[in-house]
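In: coords please:
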Amino acid sequence: MPDPGEGLTEGEVVSWQVSPGDTVKINDVLCEVETAKSIVELPSPFAGTVAKLCAEPGETVAVGEPLVMIDDGSDDEPEFLVGHVAEETGRRRRRRRAVAVSAQRAPEEGGYPVEPEPHYDAGDAHTDAEIAPQERSAEPRAREDPPRMDRTAHVLAKPPARRLAADLGIDLAQVSGTGPQGAVTRSDVKAAAEAGHDAARDTGVSRGDAELANMSVMSRRLLGGAPTEPDGHTRKVPVRGVRKVTAKAMKDSLDTKALVTAFLTCDVTPTMELVNRLRADRRFTGLRVSPLTVWCKAVCLAMGRTPVINAAWDDAADQIVFRDRINLGIAAATPRGLMVPVVRDAQDMTMLELATEITRIVAIAKEDRLQPTDYTDGTFSITNVGVFGLDAGTPVVNRTESAILVLGAIARRPWVVGTGDDERVVPRWVTTMSLGFDHRLIDGEEGSTFLHDVAEILSDPASAMLY
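Out: Here you go, the predicted model:
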């Protein structure tokens, strides 16, 4: 099993695309593996004949454990797929390169627009609004994944549909597909689940089972189908998946970083006006355009004056690592829980490019199609608690980063404008930002300067010309 990164130590085999005796070429897909954060396809790093499958669908395999054996026709022992601990370091390096290529080859689909909102917030990465396909002119669009044969049940279905069926306890073989070539879609699975729930209500089920059936997909996944405790009021939930990974990351961060938080309230009316202009611009048609887009640009500009915000503390080498590339992590609520997909090289992006990439990355996160390259190597994170109606928060910084910006709710509030005799109170769009940072390498002056610079750009976007 290859190392998926991000501290993940195991993966579950979802389905095999090959059988013993099959002939494979380099980069042919061997199987689908699900980690706590995504479902990925593993390509073959070797050409040859499949000698043995070392794990069954549904079986969890630790990183480094054998996954499949491939006979390349030589007199040597059959090759193990990436992760086998071999004595020949040359072979091990070869396999790791193959895995890196597989991650980069993961198909990426286009982004999605968001419907106009009657009120403003810093971005809707946390919302569960329905999203529809959109056109992207800024970059070519990869083809959509065709439905693949689910060899375990001989049913055509894409990974998201198979995952949803597993969550809802639906047998795909019993579902009539309405997709291309009779493929089972997510809508088909949902319809089958509703029909099953109606039948259960008619025949009578236990209170615990009825409660479980009415819960969200995420709640059912966390519960894992565990029955209600004897007292009738308690459920025990196993700690696993994203929750387990997140818990460890947060604990590691709190154990190693000297975390502090600074707050600043500012008038962002000019930013709201800019967002409206961008939404009306035909170049942004079909893109997710929200205040978050402007925030991302402001963060990149402000880091030019305080680059330590994008730096990292290296405990092993006892040094501070300054990074020129700004990889922005955008916190998003996904079917797996909280994920932080990454906008890479944001420092080089125009506003249009930022909107395009945020649209794409948030959409695939919500569709549960993130690949490891989509959520690794972040250097700074942005999270939006404003969508929950909160004004501010005290965040925990990602363990590989040194700072995180929290965006509060944007609301109409009384604000003093003008000076002297012209001073008056008027309604303005106002928000509070929180900056959590590691005091080991970021001084209070640097953190405050960065936060002030971001607020200055948001209060007067024209001031960005000075950065």
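In: next up, the contacts around residue 346.
Out: 296, 299, 300, 326, 327, 328, 354, 357 (CB atoms under 8 Å, 6 or more residues apart in numbering). To be clear about C-beta, it is placed using only N, CA and C from the backbone, and glycine gets the same treatment.
In: can we see that at 6 Å?
Out: 300, 326, 328 (CB atoms under 6 Å, 6 or more residues apart in numbering).
In: residue 30 too?
Out: Counted by CB under 6 Å, 6+ apart, residue 30 has contacts 18, 42, 44, 68.
In: between the residues you listed, which sits nearest residue 264?
Out: residue 42 (46.2 Å; CB to CB).
In: can you pull the phi/psi pair for that closest one?
Out: For residue 42, the backbone dihedrals (degrees, to the nearest 10) come out as phi -100, psi 120.
In: got the residue ranges for the strands in the stretch 251-400 of the chain?
Out: When assigned using DSSP state E, counting those that start in this stretch, the strands of the stretch 251-400 of the chain occupy the ranges 259-267, 312-314, 319-321, 328-330, 332-334, 337-339, 342-343, 380-384.
In: how about residue 343, what does it touch?
Out: Residues counted as contacts of residue 343 (CB under 6 Å, 6+ apart) are 328, 357.
In: any idea what it is bridged to?
Out: Per DSSP bridges, residues listed as beta-bridge partners of residue 343: residue 328.
In: let's verify residue 433: helix, strand, or coil?
Out: At residue 433, secondary structure determined by DSSP: H, G, I helix; E, B strand; the rest coil is strand.
In: most packed of the strands of the stretch 251-400 of the chain?
Out: Per-stretch averages of neighbours, counted by mean count of other CB atoms under 10 Å, single out strand 328-330 among the strands of the stretch 251-400 of the chain, with a mean of 26.
In: ok, now how distant is residue 283 from residue 171?
Out: 47 Å (CB to CB, to the nearest Å).
In: show me the shaky parts of the stretch 51-200 of the chain.
Out: Within the stretch 51-200 of the chain, the stretches with pLDDT under 70 are 75-155, 159-160, 163, 167, 196-200.
In: cutoff 80 now
Out: Across the stretch 51-200 of the chain, the stretches falling below the confidence threshold (pLDDT under 80) are 58, 63-64, 72-169, 171, 173, 180-183, 186, 193-200.
In: farthest pair within the contacts of residue 30?
Out: So for those, where distance means CB to CB, the most widely separated pair is 18 and 42, at 10.6 Å.
In: compare the two (neighbour count), which wins?
Out: Just comparing residue 18 and residue 42: by other CB atoms under 10 Å the higher neighbour count belongs to residue 42, 24 against 19.
In: you'd agree residue 322 is up against residue 311?
Out: Yes: with contacts counted by CB atoms under 6 Å, residue 322 reaches residue 311, the gap being 4.8 Å.
In: so how far is stretch 384-398 off the chain centroid?
Out: Averaging C-alpha coordinates over stretch 384-398 and over its chain gives two centres that are 17 Å apart (CA atoms, centre = their mean, to the nearest Å).
In: mind checking the end-to-end distance for it?
Out: Stretch 384-398 has its terminal residues 15 Å apart, counting by CA to CA, to the nearest Å.
In: pLDDT of it, averaged?
Out: Confidence over stretch 384-398 (mean pLDDT, whole number) is 91.
In: residues of it that come out buried?
Out: For stretch 384-398, burial by neighbour count (16 or more other CB atoms under 10 Å) applies to 384, 385, 386, 387, 391, 392, 393, 395, 396, 397, 398.
In: what's the answer for stretch 395-412, then?
Out: When neighbours are counted by 16+ other CB under 10 Å, the buried residues of stretch 395-412 are found to be 395-411.
In: got a list of what the residue lying closest to residue 72 once chain neighbours are set aside touches?
Out: Closest residue in space to residue 72, ignoring its immediate chain neighbours: residue 48 at 3.8 Å, by CB to CB, 6 or more residues apart in numbering. Residues in contact with residue 48, defined by CB under 6 Å, 6+ apart, are 70, 71, 72, 73.
In: what of residue 428?
Out: Contact criterion CB under 6 Å, 6+ apart gives 267, 269, 415 as the residues in contact with residue 428.
In: now with 10 Å?
Out: For residue 428, the contact set (CB atoms under 10 Å, 6 or more residues apart in numbering) comprises 266-270, 272, 411-417, 459.
In: between the two ends of stretch 330-342, how far is it?
Out: Its start and end residues considered, stretch 330-342 measures 6 Å (CA to CA).
In: run the chain-centre distance for that stretch.
Out: Per CA atoms, centre = their mean, the centroid offset for stretch 330-342 relative to its chain is 4 Å.
In: that older thread, name the residues contacting each of residue 322 and residue 311.
Out: Shared contacts of residue 322 and residue 311, defined by CB under 10 Å, 6+ apart, are found at residue 441.
In: which of the two has more neighbours?
Out: Summary of the neighbour comparison: residue 322 and residue 311, criterion other CB under 10 Å, with residue 311 having more neighbours (21 against 11).
In: thanks again, I'm all set now.
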